[in-house]
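Visitor: Quick check, what structure comes out for this input:
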Amino acid sequence: MLQGEQANLEIAALHEIGKLLGLSTDLNVALTSSLNILRSFLGMRNGTVALFDPVTADLFLEAAPEMSDADRIRGRCRPGEGIAGRIFTTGLPTVIPDVAAEPLFASQTAPGASPDEGGKAFLGVPIRDGRVTLGVLTAERLWREGPISFHRDTRVLTMVANMIAARVRLHQLENPRQIATAEACVPSSKGPLKFVGVVGRSAAMRDLLDMVERIAPSRATVLLRGESGTGKDLVARVIHENSPRAGRPFVVLNCAALPETLLESELFGHERGAFTGAMQAKEGRFELANGGTLFLDEVGDTPPAAQVKLLRVLQERQFERLGGRRTITVDVRIVAATNRDLEEAVREGRFRFDLYHRLSVVSLFLPPLRDRREDIPPLAQDFLGRLGTENGKRLELSREALGVLLGCQWSGNVRQLKNCVERLVVTASHPVIAPEDFPCCRPSAQSPCLLETVHQPEEATPARPAAAPASAAEPAPPEDEHGRVLNALEKTGWVQAKAARLLGMTPRQLAYRVRKYGIELQRF
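Guide: Model (predicted):
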C-alpha cells in the first residue's frame, strides 16, 4: 500500500473513532466499536482495552471483540504481570515483532489466531490521562498482510489511547460512581454520603458508605458482615445500583432458606430430567444475574457440596447445570452476606478456607444499631414519615417517645426498629406518639428486656474492661422454657430457624412452643 493511502486510512480511522467515543453513551460499546474500526480500516487484529481495577488491583478486559466471553472474563492480570501488565507499570509503548519468539507468549495462542496465519507482531500502548495510567490498549498485525511500520502503528495506537483516556474521564464525570480508576484509591474527604434508602449520620455509617462508594464501581467480590437486621441486603443493593452493572439484573438468593439439593439447582440451574420432578430445564441464579450482581445472603450456611461448586464459579466464572454437560460462562459480580463467624467455621471445617478468601476480597462490617445510637432518631423519623404516608397518617414522636427508642437494646437491629415504628403507626389514635403507645412499656409486655436502658447514672455503672466480651453485659438466660424460647427469638432477631438452632430444636418443635405459650412473633 502506498504511503499516502495508508495516511488517508489512518486519518479516516481516527476520525471515525473520535466520533464514536464522543457520541456513544455506553463505554463498552464505544471501546468495542473503536477496536473494530482499527481492524477494518488498518488491519489491526485482536484488539483489547484493559482498564485498571483499584480494589482488586488488577487489569480487566473492558473490551475485546475478537475474544470469546470466557477468555475475556478470565483475562485479568496484575500490574507488571505479562506484557499488558508491564506496559501498565512502565507506562511505555511496547512492540514485539514476532509473538512466537517471545517467551511470555510461548505457552499460549492469542485468541482469534489460527495456525495458518503465519507470524504476527504485537503492539501495546498505555492509556494515560496526565500522570495517571488508566489501562492498556493492544493490537496485533500479521506479517503475511505486508510490511509493518511499527513507528506508524504505535503512533496511531497512542492517539487512539489518548482519545480513550478522555472518554473514560468524561464517563467518570458524568457517572462518578460508575468507573474505577487509580484515583479511587485516594482517601475520600467528602462529608456524609447519600444513597437512596440509606439513613445514617454516625461516624460508623459515614465510614461504611465512604467505603461503599469506593468499591461500588469495581468488579471486586464483597462480603458484608454483621448481625441479623443491620441492613446487609440494603447495602448490597446500594453497591449494585452505584456500579456499572446498575442497568443489569440484581438477583438475590438466601443460602440458608433452601435444602442442599434445591440450593444447587437454584444456584446453577438444572436440565430436564436431572432429578425427579425436573420436567423442564431451568436457569439458575448465576445465569439470571449474568452481566449484573448476585447477592448471596447467609452465605455462611452454604452446604459443603455447594461450596465446592461456588468456589469454581468464583475462580473461573464457569459451571454446569445439574444433570448437564455444557459448560456455561457468566459475568457476575458476587456480593455475599453473613452473620456467622466464618473464621470459626473455617477452623471447625464447616466452611472452605479457599472459598473464605475468594469471598472476602473486600469485607465490610455493618455495625449493630445499639453501637450507633445517634442514627436511631433519623431512622425512626424516616420510617415514621414513609409508613405514615402509606397508611394515610401524619404523625410525630414526642421527646419522651424518642427517649424510649433510645433506651431500647434493639437485638433485632434496624429491622426491629422499623417493625416497632410500623406498629406505632398502625395503632396510633392521636397525632403525637407518647411512651404509653409502646406495647413493650405496658405491664403485660412479653418482651420487657428490650427496654433495658443503656443510659444509667455513671456512679451505678461498673467499669467494664475493654476486652470483655459483649455477652458479659447480657442478663443470664431464663430458666423456664417460655423464657428460653423468648430469649432465643430476641437474640436471633425473631428468625425462627436460627432460634431453633440456638435452642437445639427443630423449627417444628420451636413453632409448637411458640403456639403453646402464645408468643406473638415479631416481624422485623
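
Visitor: Next up, phi/psi of the residue lying closest to Met159 once chain neighbours are set aside, please.
Guide: Closest residue to Met159 apart from its sequence neighbours, by C-beta to C-beta, 6 or more residues apart in numbering: Leu14 at 6.0 Å. (C-beta placed from N, C-alpha, C; glycine too.) Note on Leu14: its backbone torsions stand at phi -60, psi -40 [degrees, to the nearest 10].

Visitor: Could you give the number of residues near Leu14?
Guide: 18 (other C-beta atoms under 10 Å).

Visitor: and if you look at Lys418?
Guide: 21.

Visitor: again with the one 10 residues further on
Guide: Burial of Ala428 is recorded as 17 neighbouring residues (other C-beta under 10 Å).

Visitor: Same question for Arg325.
Guide: Other residues close to Arg325 by other C-beta under 10 Å number 7.

Visitor: Name the SS class of it, please.
Guide: Arg325 falls in the coil class when you classify it by DSSP: H, G, I helix; E, B strand; the rest coil.

Visitor: mind checking pLDDT for it?
Guide: We have a pLDDT of 86 for Arg325.

Visitor: do you know how far it is from Ala274?
Guide: For Arg325, the distance to Ala274 (C-beta to C-beta, to the nearest Å) stands at 11 Å.

Visitor: now do Thr89
Guide: 47 Å.

Visitor: Centre-most residue in the protein?
Guide: Val335 (3.6 Å; C-alpha atoms, centre = their mean).

Visitor: Could you pull up the residues touching that residue?
Guide: When contacts are counted by C-beta atoms under 8 Å, 6 or more residues apart in numbering, Val335 touches Thr221, Val222, Leu224, Ala236, Ile239, His240, Thr293, Leu294, Phe295, Leu296.

Visitor: And the second one, how far from Lys491?
Guide: I take that to be Val222. Taking C-beta to C-beta, one finds Val222 at 27 Å from Lys491.

Visitor: if you count what's nearby, which of those two comes out ahead?
Guide: Taking Val222 and Lys491 together and counting by other C-beta under 10 Å, Val222 has the greater number of neighbours (26 against 18).

Visitor: And that one, its phi and psi?
Guide: According to degrees, to the nearest 10, Val222 has phi -120, psi 140.

Visitor: That one touches Phe365, doesn't it?
Guide: No. Val222 lies out of contact with Phe365 (C-beta atoms under 8 Å); the separation is 11.8 Å.

Visitor: roughly how far out does the host helix or strand of Glu287 sit from the chain middle?
Guide: Assigned by DSSP states H and E, Glu287 belongs to helix 285-288. Offset of helix 285-288 from its chain centre (C-alpha atoms, centre = their mean, to the nearest Å): 15 Å.

Visitor: which residues touch it?
Guide: Contacts for helix 285-288 (C-beta under 8 Å, 6+ apart): 249, 251, 253, 266-269, 294, 313, 319, 328, 330, 332.

Visitor: Could you tell me which of those belong to helices?
Guide: Of the contacts of helix 285-288, the ones assigned to helices by DSSP state H are Glu266, Leu267, Phe268, Val313.
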